[in-house]
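**Student:** give me a 3D structure for the following:
(chains A and B)
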Amino acid sequence: MIKEIHQKLVNHEVAINDLVKDFNGRIQKRNGELNAYLSLNEEISLGEAIKKAEKILENNPQETLAGIPIAVKDNILVKGLKTTAASKILADYTAVEDATVISKLKERGVIVLGKTNLDEFAMGSSTEHSAFGPTHNPYNLKLVPGGSSGGSAVAVAAELAVAALGSDTGGSIRQPASFCGVVGFKPSYGAVSRYGLLALSSSLDQIGPLTNNVNDCKTIFKVIAGKDSKDATTVSLPLEAPLKDWQAIKIGLPKEYFVDGTDPAIKLCLEKLIDKLKMAGASIEEVSLPLTSLALPCYYIIMPAEASSNLGRYDGLRYANKNGFKEGENILDYYLRNKGSGFGKESRRRILLGTYVLSAGYYDTYYKKALQVQEAIRRDFDRVFKQVDYLLTPTTPTPAFALGAKTNDPLSMYLADIFTVSANLAGVPAINLKAGFNPEGLPLGVQLIAGRYQDFSLLNFGEQVEKLLQFQ
Amino acid sequence: MLDKKEINHLADLARLSLSEVENESLQRDLEGILGYVNQLAEAKIDNLPDASIGLSLNEVREDGNPVVNKDIAQDIISQFPQKEGRNLKIPPVF
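**Tutor:** Numbering: from 1, shown residues only, chains lettered A, B, ... in the order given. So this is what the prediction gives:
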């Protein structure tokens, strides 16, 4: 889609101005019922962005991204726009600078249409934990879009942006991508700078693209990836290597991901795809990731621990807090009056969970052991990628569920992440591909995983698999 | 597993204030969640490796002038909930 739009712009079939007007028109029409966007870029700055994009395109007609309108998850800083993390505590906060990924994209002439809805501080799997209302699945408004990057997934699915940026800590790009029928890519940990991403779980978070196809994902990823002096955890990825021939490709099916409980329509998608992969010449073999059943408990120890630490900074003192500021008698009283009230229920739950697993007496039992299990999981993935090139798994156990279905049972919500969290724990790249629809017309997705830093290899292979999936 | 007192203790550590109702609801929620993550605490795994700092690489830079962009300072200061001059104003810590 990006390449086609770019061609039309270069051929003057369409002007960047009209393109942006087109998307804004659809946003006006549909955002009311979808609630994908929390805020929109204003006329003036859009105008400036368009002028800049036109200049870039004039000077360099090869610049594929010039003039392309995107949506950005509201936990990523875009200068001059509010960055709320869908939380009351930051409702008034205006970003003072661009996140690294945003600077990089703006340099290429990308146009930010607005900021999209998410579960508060990216904690959730349905976008229902936003302080500004849930986002609705465009395929059925009564269903969730998934989360936490629900707004971004819907922006792409409902054609309210050409592409979007999201963040993925335990599945927050891939799961909503699966529920909304778009491509969603979580890079290797360290591949993309987190500078300007409001930190949730610093050892797991990654920014990634949500797009209509894998090629668009690759186009955006090429620009946002790279070592950044402002993020010490970033790495330079190995250069792209040519894709192996089908005959040389080995795909692993981790047996622990193919157990009962997965929706039959998703299972059927996978079976059909496996047949097609075999016909194309790839070899398929069963592999084992024996610690899979501990991945989710491991995640729900490490992530809340890191989140409770990261969210400590939102004390109502440092960032904008114009509406809710309450005087206190002393510093502790001040904190008690101001800190908690901005956070929603799920955020408070996770902060307390994190506090518990880090507290004296419990640290060794939970957090320290979870870190050990995480290392063991990393080694399992390293071992498996010596046997095979890629893993194929479901992305989610079910298609999109109903709004309100899981909000009373936090644990059942957490279980939605069961197939996605391992990739975050192991720091490996993973992508959701569009795999068709179920009998009710709801999107289905499948997940491909590759070894650490094999992001380009995964994207290239993903493009090939996408072709096979198109005829399902 | 967690009683009212323990939840209040955690809330204190996290500097959050909880209502009675929320305390009760959290007792239920956290009991369920901790029950689930306990599998990890109780799992007997052979040859469990040491916790690793993962893939962290040592990244250092030269000292030198850390101020890269002076304009940002004004944008930050203008959003302080309470200020005095160019300083962030906070309640006394002691």
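**Student:** what does stretch A:33-51 contact?
**Tutor:** A:16-17, A:20, A:24, A:27, A:30-31, A:67, A:71, A:74, A:80-82, A:84, A:86, A:106, A:111-117, A:130, A:132-136, A:138, A:141, A:145, A:150-152, A:154-155, A:158, A:160 (Cβ atoms under 8 Å, 6 or more residues apart in numbering or on different chains). Quick note: C-beta positions are derived from backbone N, CA and C, even for glycine.
**Student:** mind checking which of those are buried?
**Tutor:** By neighbour count, with 16 or more other Cβ atoms under 10 Å in any protein chain shown, the contacts of stretch A:33-51 hold A:16, A:20, A:24, A:27, A:30-31, A:67, A:71, A:74, A:80-82, A:84, A:86, A:106, A:111-117, A:130, A:132, A:134-136, A:138, A:145, A:150-152, A:154-155, A:158, A:160 as buried.
**Student:** most remote residue from the middle of the chain, which is it?
**Tutor:** Using chain A here. Centroid-distance maximum for chain A: residue A:329 at 41.5 Å, with Cα atoms, centre = their mean.
**Student:** of the buried ones among the contacts of stretch A:33-51, which belong to strands?
**Tutor:** Of the buried ones among the contacts of stretch A:33-51, the ones assigned to strands by DSSP state E are A:71, A:111, A:112, A:113, A:114, A:115, A:116.
**Student:** my guess is the fifth one contacts residue A:69, does it?
**Tutor:** Which is residue A:114. No - counting by Cβ atoms under 8 Å, residue A:114 stays clear of residue A:69, with 9.5 Å between them.
**Student:** doesn't residue A:383 fall inside a helix?
**Tutor:** Yes - Residue A:383: assigned to a helix according to DSSP: H, G, I helix; E, B strand; the rest coil.
**Student:** burial count for it?
**Tutor:** 12 (other Cβ atoms under 10 Å in any protein chain shown).
**Student:** and it, what is it in contact with?
**Tutor:** Residue A:383 neighbours (Cβ under 8 Å, 6+ apart): none.
**Student:** give me the distance between it and chain B.
**Tutor:** For residue A:383, the distance to chain B (Cβ to the nearest Cβ, to the nearest Å) stands at 13 Å.
**Student:** what does the model give that residue for pLDDT?
**Tutor:** Per-residue confidence (pLDDT) for residue A:383: 97.
**Student:** tell me how far it lies from residue A:244.
**Tutor:** 20 Å (Cβ to Cβ, to the nearest Å).
**Student:** tell me the contacts of residue A:20?
**Tutor:** Neighbours of residue A:20 in contact, by Cβ under 8 Å, 6+ apart: A:46, A:50, A:69, A:111, A:113.
**Student:** one more: residue A:162?
**Tutor:** A:1, A:2, A:5, A:23, A:68, A:69, A:70, A:156, A:211, A:212, A:216.
**Student:** can you do 10 Å?
**Tutor:** A:1-2, A:5, A:19, A:23, A:65, A:67-71, A:110-111, A:113, A:155-156, A:211-212, A:216, A:220 (Cβ atoms under 10 Å, 6 or more residues apart in numbering or on different chains).
**Student:** can you tell me the closest non-neighbouring residue to the residue positioned nearest the centre of chain B?
**Tutor:** Residue closest to the mean C-alpha point of chain B, counted by Cα atoms, centre = their mean, is residue B:14 at 7.5 Å. Excluding the flanking residues, the one nearest residue B:14 by Cβ to Cβ, 6 or more residues apart in numbering or on different chains is residue A:355, at 4.7 Å.
**Student:** distance from the one helix or strand in chain B whose mean pLDDT sits lowest to the middle of the chain?
**Tutor:** The weakest-scoring helix or strand in chain B, judged by mean pLDDT, DSSP states H and E, is helix B:70-77 (a mean of 86). Centroid displacement of helix B:70-77 relative to its chain, using Cα atoms, centre = their mean, to the nearest Å, is 26 Å.
**Student:** equivalent analysis for stretch A:42-60, please.
**Tutor:** Distance, centroid of stretch A:42-60 to centroid of chain: 27 Å (Cα atoms, centre = their mean).
**Student:** pLDDT at the residue nearest the centre of chain A, what is it?
**Tutor:** Most central in chain A under Cα atoms, centre = their mean is residue A:173, positioned 2.4 Å from the mean C-alpha point. For residue A:173, the pLDDT comes out at 98.
**Student:** and if you look at the one 5 residues further on?
**Tutor:** The predicted local distance difference test score for residue A:178 is 98.
**Student:** helices or strands up against the lengthiest helix in chain B?
**Tutor:** In chain B, with assignment by DSSP state H, the single longest helix is helix B:20-42. Taking 3 or more Cβ pairs under 10 Å, 6 or more residues apart in numbering or on different chains; DSSP states H and E as contact, the helices and strands that helix B:20-42 lies on are helix A:292-310, helix A:345-358, helix A:369-387, helix A:410-414, helix B:4-13.
**Student:** including distance to residue A:466, could the ones you listed go into CSV?
**Tutor:** Formatted as CSV, the helices and strands packed on helix B:20-42 follow (distance: least, Cβ to Cβ, whole Å):
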stretch, distance to residue A:466
helix A:292-310, 26
helix A:345-358, 34
helix A:369-387, 21
helix A:410-414, 29
helix B:4-13, 46
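**Student:** to residue A:438, which of those helices lies closest?
**Tutor:** helix A:410-414 (20.2 Å; Cβ to Cβ).
**Student:** list the buried residues in the closest one.
**Tutor:** Buried-residue list, helix A:410-414, by 16+ other Cβ under 10 Å: A:410, A:413, A:414.
**Student:** give me the contact list for that helix.
**Tutor:** A:119, A:124-126, A:128-129, A:144, A:147, A:170, A:296-297, A:299-300, A:345-346, A:349-350, A:353, A:401, A:405-407, A:421, B:28-30, B:32-33, B:35-37.
**Student:** ok so, going back, just give me the neighbour total for the residue nearest to residue B:14.
**Tutor:** 23.
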